[in-house]
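1. Take a look and give me a structure for this.
(one chain, ligands or ions: 1)
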Amino acid sequence: MTPPSASPLQNQIALVTGGSSGIGYGVAEALAAAGATVVVNYHKEAEPAEKLVQDIKSRGGEALAVQADVSKEEDVQRMFKTVVDTYGTVHILVSNSGIQQDAAFLDMTTKQWDSVIGVNLTGQFLCMREAAREFVRRGPQPDISKATGKIICMSSVHEVIPWAGHVNYAASKGGVMLLMKSVAQELAPHKIRVNSIGPGAIATPINAEARDTPEEERDLLKLIPYGRIGEPSDIGKVAVWLASDESDYVTGHTLFADGGMLLYPGFVGNG
Ligand code: NAD
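-> Below is the predicted model of the structure:
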């Protein structure tokens, strides 16, 4: 058995949506460290994306920042065109962008519903479709990777755990689960692998408010048997594995990285 390579993603082009903060930032850093050229998509703020690009380049890697709103078809198509015009193709998509707009169900507005579904579900569809079109157009490159292309959706433990007060978010992630599985089923004959990562609680701007006070942090930790809140780098490592040939026989799965949140710790003892 050959040991895993230190640069398992060498000569591969990866696009990470929402790569300028939080989990996307950690994933982009990890893919670059594994040898990939990384396209860092950002929505509004160019500065952190450009900073990440400079960091990657200063370590000898290659990267590019590209603005796009993933919920808009014309933006997504422009972004993929820029990637293909610049680097010739793309091998890995990490469809990571996501938002929360929380409200009690009785008060939730159609705008709150539409914007979360627009970014978290339609955005995933648009990016996955453009990536898959490019993988099929380019065809296999077995000397670069066993799979013709790899898609990784950033889902959540909330693709299976219901979430009162966040029904738009939970519905979007539940949708991502069957989007991912159905696309995996359809594209497997093209040797395209499609999987999701299901993070638990990872310390990022999206949940900063839920960790504001020591009491809130303590309450959150009660949900995590492993006893710590996750870091973006925890997810970056999972993304590298799912993008590499090490996981070549894995498609259509959500890999939960959640410190055991899905073990339902509330049921320890008598429940
Ligand atoms: P974050 O707020 O740091 O990152 C979200 C990213 O999405 C940002 O970079 C933002 O600019 C980008 N984005 C938002 N709207 C966009 C749009 N219209 N077009 C393009 N990009 C857009 O939060 P995060 O925690 O890093 O979230 C990343 C992903 O991880 C999300 O899909 C989120 O649902 C998922 N997730 C996070 C956690 C967690 O605990 N942090 C847990 C489970 C799942």
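2. and the stretch 51-200 of the chain, which of its residues are near the ligand?
-> Residues of the stretch 51-200 of the chain found near the ligand (Cβ under 6 Å from any ligand atom) are D69, V70, S71, N96, S97, G98, I99, V119, M154, S156, P199. (Each C-beta comes from the backbone N, C-alpha and C, glycine too.)
3. Now the buried members of those residues.
-> D69, V70, S71, N96, S97, G98, I99, V119, M154, S156, P199 (16 or more other Cβ atoms under 10 Å).
4. so of those residues, which ones are in strands?
-> Those of those mapping onto strands are M154, P199, per DSSP state E.
5. Is the ligand within reach of the helix or strand of the chain with the lowest mean pLDDT?
-> Averaged element by element with mean pLDDT, DSSP states H and E, the chain has its least confident helix or strand at helix 214-221 (a mean of 93). No: using Cβ under 6 Å from any ligand atom, no contact is recorded between helix 214-221 and the ligand, whose separation bottoms out at 9.6 Å.
6. Mind listing residues that contact that helix?
-> A201, A210, R211, G227, R228, I229 (Cβ atoms under 8 Å, 6 or more residues apart in numbering).
7. Distance from the chain centre to it, please.
-> 25 Å (Cα atoms, centre = their mean, to the nearest Å).
8. Repeat that for stretch 27-46.
-> 11 Å.
9. Give me the buried positions along that stretch.
-> Across stretch 27-46, burial judged by 16+ other Cβ under 10 Å covers 27-43.
10. First-to-last residue distance for it?
-> 18 Å (Cα to Cα, to the nearest Å).
11. any idea of the mean pLDDT for that stretch?
-> What stretch 27-46 shows for mean pLDDT is 98.
12. near the ligand, anything from it?
-> Yes: Stretch 27-46 is in contact with the ligand by Cβ under 6 Å from any ligand atom, via Y42, H43.
13. Quick one: residues contacting the closest residue to R193 other than its chain neighbours.
-> In space, and not counting its chain neighbours, R193 is closest to T251: 4.2 Å by Cβ to Cβ, 6 or more residues apart in numbering. The contact partners of T251, by Cβ under 8 Å, 6+ apart, come to A184, A188, R193, V194, N195.
14. Got the phi and psi for T251?
-> With angles defined as degrees, to the nearest 10, T251 sits at phi -150, psi 140.
15. Quick one: distance of stretch 56-74 to the chain centre.
-> Worked out by Cα atoms, centre = their mean, stretch 56-74 lies 14 Å from the chain centre.
16. With stretch 101-113 instead?
-> In terms of Cα atoms, centre = their mean, the centre of stretch 101-113 is found 24 Å from the chain centre.
17. tell me which residues of that stretch are tucked away?
-> By 16+ other Cβ under 10 Å, the buried positions in stretch 101-113 come out as Q101, M108, Q112, W113.
18. quick check, the last one in a helix?
-> This means W113. Yes: with DSSP: H, G, I helix; E, B strand; the rest coil as the criterion, W113 is located in a helix.
19. Next up, the contacts around it.
-> With contacts defined as Cβ under 8 Å, 6+ apart, W113 is in contact with N168.
20. Could you check the pLDDT of it?
-> 99.
21. ok, it to K81 distance?
-> W113 is 31 Å from K81, where distance means Cβ to Cβ, to the nearest Å.
22. Now do the longest helix seen in the chain: distance to the chain's middle.
-> Ranked by residue count and defined by DSSP state H, the top helix of the chain is helix 167-187. In terms of Cα atoms, centre = their mean, the centre of helix 167-187 is found 13 Å from the chain centre.
23. Relative to the ligand, which residue of the stretch 51-200 of the chain is the closest?
-> Closest contact between the stretch 51-200 of the chain and the ligand, by Cβ to the nearest ligand atom, is at G98 (2.2 Å).
24. tell me the pLDDT at that residue?
-> Looking at G98, the pLDDT reads 98.
25. thinking it is in contact with I206, fair?
-> Yes: G98 is within contact range of I206, at 7.2 Å (criterion: Cβ atoms under 8 Å).
26. near the ligand too, which of the contacts of helix 214-221?
-> Near the ligand, by the rule Cβ under 6 Å from any ligand atom, you find A201 out of these.
27. Among the contacts of helix 214-221, the buried ones, what's the PyMOL command?
-> To isolate in PyMOL the members of these that are buried, counting by 16+ other Cβ under 10 Å, one can use:
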select buried, resi 201+211+229
